[in-house]
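> could you work out the structure for the sequence below:
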Amino acid sequence: MRSRLLVISGMIMLALSFGLVGCDDDDDSTQDACESVDCGHGTCVDTTGTASCACDAGYHAEGLTCVEDTAGNTPPEFTSSAPADATELVLTAYEFSCTDADGDALFFGVDTTTDTCDGTLVYYNDGTGDYTFMIASAAETPSCVLSIICNDGTDFVSQTQTVTIHETPAPWCVDDYSWPGQLDGTDDASSLYGGTIATAPWDSGYDAGLADLEALMPANGSTLAVNMPVTQATIIASYYTPDVYRVYIADANAVFKVFLTEDATQQLPFVPTTGKRISFTVTEISNYMNTNEITQVDWTGWAVDGTGFDVSVKEATAAEPVTAADVNEVVRVSGILVADGAVCGTGYLCYDLDYGADSTVVFRTGSFNVFPAGTCLTFQGPVTLFNDTPQLTTYGDMWWYTWDPAYD
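Got it, this is the predicted structure:
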């Protein structure tokens, strides 16, 4: 019996020595899942044995690491309001501004797919700029769409506004007759300005022989040698180009432009002041674009017969428009330049001058005379022809005057 007990006790001890009974050393139910986990900018959380990261503000979990959030771009925004109204023939300037929360550099442009105001945009480096436009006729363009873009290099925002165009208040560009033109009564022998504006047309009996000369005019583009006296014709306009005077003369029956060569023997021996009456002998006439011209004279026969005489001036209106029949005659036309000038020959710009009831005539001047559309202008000088169409041509600062409009 004792021997059996000893055997059993030995077996138990042997079993214990080999781990066959007692505690299970492989049981890890109490082990922390966050052990050795470093979330960085956050804290590891053990949820039923599974580790995860609770990240600090500005960070988010990617696996068991907290990664810094990447900020997205904030689009810019306009802080100004575009105009909803504009007036025809008045330059409208919209001073726009735009800001960007991220402090990005801003760029601007016209949205050409939407914009119909056809304006000009200029922007500065401070988030501001100007968009300027002008509509010529409210009747033709009762409204336009203004559309500009503000861009921060990543995103852009558009500002679009329908602009109602209103007619110009009347009266507008009304001549106050404060400018007498080249006919100012000056009795200065060195000036081209003189004479007075006639209060009534010349009597038909005033005949300097110009009608007889006109009857001899050759075909367009041709010249004709003649020997015809002109007696006491009145200088109605004159101007000076380098080395030579150009003169317009008239009587009650006809008008001529005296267009002499630069040859010294052909030049006038006196200052051709308006309002002077002169006599001379014509030796050649020309038909230049259906315009009467005296192109050569007997220079020995010049004579000045008097000064300060009246000159007839036609007041052109919508009811009495400028026509080809007025060529070489002095007209007074007042109105508004409805568009910017366009190049029309070397060194010249042409404008459309509206002088009432949508009656327009071409105003042609040197390219150094630049006028913005909407300028009020009076022309008082001789009519010229281009392709049988009347136009008003100036030389230097002659025959035109600009002034401010008057509005109701």
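> mind listing residues that contact stretch 309-319?
181, 183, 195-199, 201-202, 234, 236, 250, 274-277, 320, 322, 326, 329-333, 355-359, 361, 380 (Cβ atoms under 8 Å, 6 or more residues apart in numbering). Backbone N, C-alpha and C define where each C-beta goes, glycine included.
> skipping its backbone neighbours, what lies nearest residue 93 in space?
Leaving aside its chain neighbours, residue 93 sits nearest to residue 132 (4.7 Å; criterion: Cβ to Cβ, 6 or more residues apart in numbering).
> all helices for this protein, in order.
2-17, 210-214 (DSSP state H).
> and residue 328, how far from residue 321?
17 Å (Cβ to Cβ, to the nearest Å).
> so the two - more neighbours on which side?
residue 328 (20 against 17; other Cβ atoms under 10 Å).
> I'd guessed the more buried one sits against residue 248; true?
Yes. Using Cβ atoms under 8 Å, residue 328 makes contact with residue 248 at a distance of 5.7 Å.
> and the residue nearest to residue 93, what's its pLDDT?
Residue 132 carries a pLDDT value of 96.
> now the common contact residues for residue 328 and residue 248.
Joint contacts of residue 328 and residue 248 (Cβ under 8 Å, 6+ apart) are 255-257, 382.
> reformat the residues you listed as JSON lines; add neighbour count, distance to residue 350 and pLDDT.
Output for those, formatted as JSON lines (neighbours: other Cβ atoms under 10 Å; distance: Cβ to Cβ, whole Å; pLDDT from 0 to 100):
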{"residue": "255", "neighbour count": "24", "distance to residue 350": "23", "pLDDT": "97"}
{"residue": "256", "neighbour count": "24", "distance to residue 350": "25", "pLDDT": "98"}
{"residue": "257", "neighbour count": "20", "distance to residue 350": "20", "pLDDT": "97"}
{"residue": "382", "neighbour count": "23", "distance to residue 350": "17", "pLDDT": "97"}
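> now for those residues: which two are most distant?
256 and 382 (10.4 Å; Cβ to Cβ).
> between the two, which contacts overlap?
Contacts common to residue 256 and residue 382, judged by Cβ under 8 Å, 6+ apart, are 248, 328.
> pick out the shakiest of the helices of the chain, pLDDT-wise.
helix 2-17 (a mean of 44).
> which pLDDT does the model give residue 219?
96.
> ditto for residue 341
The model's pLDDT for residue 341 equals 93.
> try residue 115
So, for residue 115, pLDDT stands at 97.
> who are the contact partners of it?
Going by Cβ under 8 Å, 6+ apart, the list of residues near residue 115 reads 145-148.
> could you do residue 267 as well?
243-245, 260, 299.
> pLDDT and neighbour count for those residues - can I get that in CSV?
Below are the contacts of residue 267 laid out as CSV (pLDDT from 0 to 100; neighbours: other Cβ atoms under 10 Å):
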residue, pLDDT, neighbour count
243, 79, 9
244, 88, 16
245, 91, 17
260, 93, 20
299, 87, 17
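> any chance of those in JSON lines, plus distance to residue 119?
JSON lines is the format used below for the contacts of residue 267 (distance: Cβ to Cβ, whole Å):
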{"residue": "243", "distance to residue 119": "45"}
{"residue": "244", "distance to residue 119": "45"}
{"residue": "245", "distance to residue 119": "45"}
{"residue": "260", "distance to residue 119": "49"}
{"residue": "299", "distance to residue 119": "57"}
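> widest-spaced pair of those?
243 and 299 (15.1 Å).
> tell me how far the closest residue to residue 102 other than its chain neighbours lies from residue 98.
Nearest-residue entry for residue 102: residue 74, 5.2 Å, with adjacent residues in sequence omitted and distances by Cβ to Cβ, 6+ apart. Using Cβ to Cβ, residue 74 is found at 13 Å from residue 98.
> more neighbours, the two?
residue 98 (24 against 14).
> ok, residue 342 - how many residues close by?
Neighbour number of residue 342 under other Cβ under 10 Å is 11.
> check contacts around it.
349-351.
> can you check residue 389 too?
324, 362.
> quick check: residue 395 touching residue 369?
No. Using Cβ under 8 Å, residue 395 is not in contact with residue 369; the gap is 10.3 Å.
> of those two, who's got more company?
residue 369 (17 against 14).
> how close does residue 393 sit to residue 257?
The value you get for residue 393 to residue 257, if Cβ to Cβ is used, is 11 Å.
> if we can go back for a sec, and which of the shared contacts of residue 328 and residue 248 is nearest to residue 41?
residue 382 (88.2 Å).
> residues contacting that closest one?
236-237, 248, 255, 257, 327-331.
> of the shared contacts of residue 328 and residue 248, which belong to strands?
Of the positions in the shared contacts of residue 328 and residue 248, 255-257, 382 sit in strands, assigned by DSSP state E.
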